[in-house]
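Chemist: Got a predicted model here, sequence first, then my questions.
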Amino acid sequence: MASIAGNCRVLRSNRAVQRIYLDHNATTPLSRAVLERMTAVLSEEFGNPSSVHHFGQRAKAAMDESRSAVATLLGVDPSEVVFTSGGTESDNAAIRGVAEALEPTGRRHLVASSIEHEAVLNTLKGLARRGWRTTLLPLDASGIVAPDALKAALADDTALVSIMHANNEIGTIQPIAELARLARERGAVFHTDAVQSAGKIPVNARALGVDLLSMSAHKLYGPKGVGALWIRRGLRLLPLMSGGKQERNRRAGTENVAGVVGLGVAAHVAREKMADESVRLSALRDRLEAGILGHVPGTAVNGDPTQRVPNTTNISFDRIEAESLLIALDLEGVAVSTGSACSSGTLEPSHVLKAMGLSAHRTQNSIRFSLGAANTEAEIDHVVSVMPRIVDKLRSLTRVG
Ligand SMILES: Cc1ncc(COP(=O)(O)O)c(C=O)c1O
């Protein structure tokens, strides 16, 4: 396999190139509207939202406005929205919170799909070490969890099922409403990680029939380090942290007011732009995909071609190591990512592609392109135009070496 990556990473060239950012599933730039509102809050609305006086109440009002914007995006009541430090905390709070609340009832079984984010998978591993039984569900070849697989896994003592709405690597959307119905029929609580879907496609927590839903601001042009967990009214879960009574006793600690306000603005803007942006982005994504598949032999798309978020495509390149292609593209000014992580100098296969049953090589030769607000047709055409040369060069290294 061609490798210019050496020990996974090499020193980068700093020569001036046109930069094209196609890694929006990793994070998005802050939108101007978010930045302006956050700047105003940071400089003027510095009060502690728990304080009774004017300064505190101004900060509290700013947070309330944000809570309403998030609730509107998710189709829920503002009182059910809890602000957190991001998607990772929301996932932890949901899973640990329910597992520990239900522990005395004897429900000690947890279920998740095998393509969850580490925030879910490692939380389950931690609980497994403390005695919980865990089941990871298989997927079909397009990356979808079959409802029958969940049905077979559910047991009388299943406490919680956690299945992501959209996958971060391949963008595939799961049939959450059906999966949640099956779980709830067996008395299990259902959590969905909507970090990669909220703001990209309509997400209505009530229509999905879930009990808990995680989201994160930095995937929708908001700031890093802030997110939300929607908790269906009446659902009991133990909080992760002990401390003050903030967030109705569900998340202790003085709030990140500016971050929360940034999340609110981002949620509001995402909702307003969603219909147009999803049409624009899926057209750009399809143009990129058709361009690569048409001009670079030995390529294939991973994941479901229709059931996926509009901004994401994941493409395998035969006889290429993904990390090498990522670095070659970066030197060309194009930022993408791979699902295969570099660990101790070796390339770990993507756990998502592996769970889909792809061959060992294909789990290590795939690149994720995730598009966003600033991308243009001209940028996509540029990426398509440089791709054959870069891939040919990497493949020729394989032949030589
Ligand atoms: C599906 C999914 N869940 C959770 C997270 C974690 O979110 P955060 O970075 O806000 O902790 C991510 C981030 O990449 C994600 O893609």
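Modeler: Received, thanks.
Chemist: For S316, list the residues it contacts.
Modeler: T299, A300, V301, N302, L358, R362, N365, S366 (Cβ atoms under 8 Å, 6 or more residues apart in numbering). Yep, even glycine has a C-beta here, placed from its N, CA and C like the rest.
Chemist: the domain parsing of the protein - what is it?
Modeler: For the chain, automatic domain parsing gives the domain ranges 14-29+274-397, 32-269.
Chemist: how about those domains, which one is nearest the ligand?
Modeler: Of all these, it is domain 32-269 that lies closest to the ligand, at 2.5 Å by Cβ to the nearest ligand atom.
Chemist: is the closest one anywhere near the ligand?
Modeler: Yes. Against the ligand, domain 32-269 shows contacts by Cβ under 6 Å from any ligand atom at 86-88, 91, 117, 119, 164, 168, 193, 195-196, 216, 218, 227.
Chemist: Filter these down to the ones in helices?
Modeler: G87, T88, D91, A119 (DSSP state H).
Chemist: Of the residues you listed - the most surrounded one?
Modeler: Within those, most neighbours by other Cβ atoms under 10 Å means D91, with 30 neighbours.
Chemist: Tell me the confidence at the residue nearest to that residue when sequence neighbours are not counted?
Modeler: Among residues not flanking D91 along the chain, A119 sits closest, at 4.0 Å (Cβ to Cβ, 6 or more residues apart in numbering). Per-residue confidence (pLDDT) for A119: 97.
Chemist: for A5, same thing?
Modeler: 48.
Chemist: what do you get for L358?
Modeler: Taking L358 on its own, its pLDDT is 92.
Chemist: got the contact list for it?
Modeler: N302, S316.
Chemist: Look at the closest residue to L22 other than its chain neighbours and give its secondary structure.
Modeler: Using Cβ to Cβ, 6+ apart and skipping residues adjacent in sequence, the residue nearest L22 is F369, 4.7 Å away. Following DSSP: H, G, I helix; E, B strand; the rest coil, we place F369 in the strand state.
Chemist: Please tell me how far F369 sits from R285.
Modeler: F369 sits 7 Å away from R285, going by Cβ to Cβ, to the nearest Å.
Chemist: before we move on, what about R96?
Modeler: R96 sits 35 Å away from R285, going by Cβ to Cβ.
Chemist: which one of the two has more residues nearby?
Modeler: R285 (23 against 20).
Chemist: in which helix or strand would I find the more buried one?
Modeler: helix 257-295 (DSSP states H and E).
Chemist: one step back: can you name the residues that contact the residue nearest to D91?
Modeler: Applying Cβ under 8 Å, 6+ apart, the residues near A119 are G87, T88, D91, N92, D193.
Chemist: burial of the nearest residue to V257 once chain neighbours are set aside, as a residue count?
Modeler: Among residues not flanking V257 along the chain, A59 sits closest, at 4.9 Å (Cβ to Cβ, 6+ apart). By other Cβ under 10 Å, the residues close to A59 number 25.
Chemist: go on, I367?
Modeler: By other Cβ under 10 Å, 25 other residues sit near I367.
Chemist: That one contacts D330, doesn't it?
Modeler: No. In this structure, I367 is not within contact of D330 by Cβ atoms under 8 Å, at 11.4 Å.
Chemist: and the closest residue to A355 other than its chain neighbours, what pLDDT?
Modeler: Here the nearest residue to A355 in space, its sequence neighbours aside, is S114; by Cβ to Cβ, 6+ apart that works out to 4.1 Å. Each residue has a pLDDT score; the one for S114 is 97.
Chemist: is it true that S114 touches P138?
Modeler: Yes. Because the distance of 6.5 Å satisfies Cβ under 8 Å, S114 is recorded as touching P138.
Chemist: joint contacts of these two?
Modeler: With Cβ under 8 Å, 6+ apart as the test, S114 and P138 both reach A355.
Chemist: mind listing the helices for the stretch 301-401 of the chain?
Modeler: Applying DSSP state H, counting those that start in this stretch to the stretch 301-401 of the chain gives helices spanning 322-331, 351-355, 377-400.
Chemist: And the ligand, is the shortest one touching that?
Modeler: No. Between helix 351-355 and the ligand, judged by Cβ under 6 Å from any ligand atom, nothing touches; the nearest distance is 10.5 Å.
Chemist: ok, and for the helix holding R285, which residues are buried?
Modeler: By 16 or more other Cβ atoms under 10 Å, the buried positions in helix 257-295 come out as 257-271, 274, 277-278, 280-282, 284-285, 287-289, 291-292.
Chemist: Many thanks, we can stop here.
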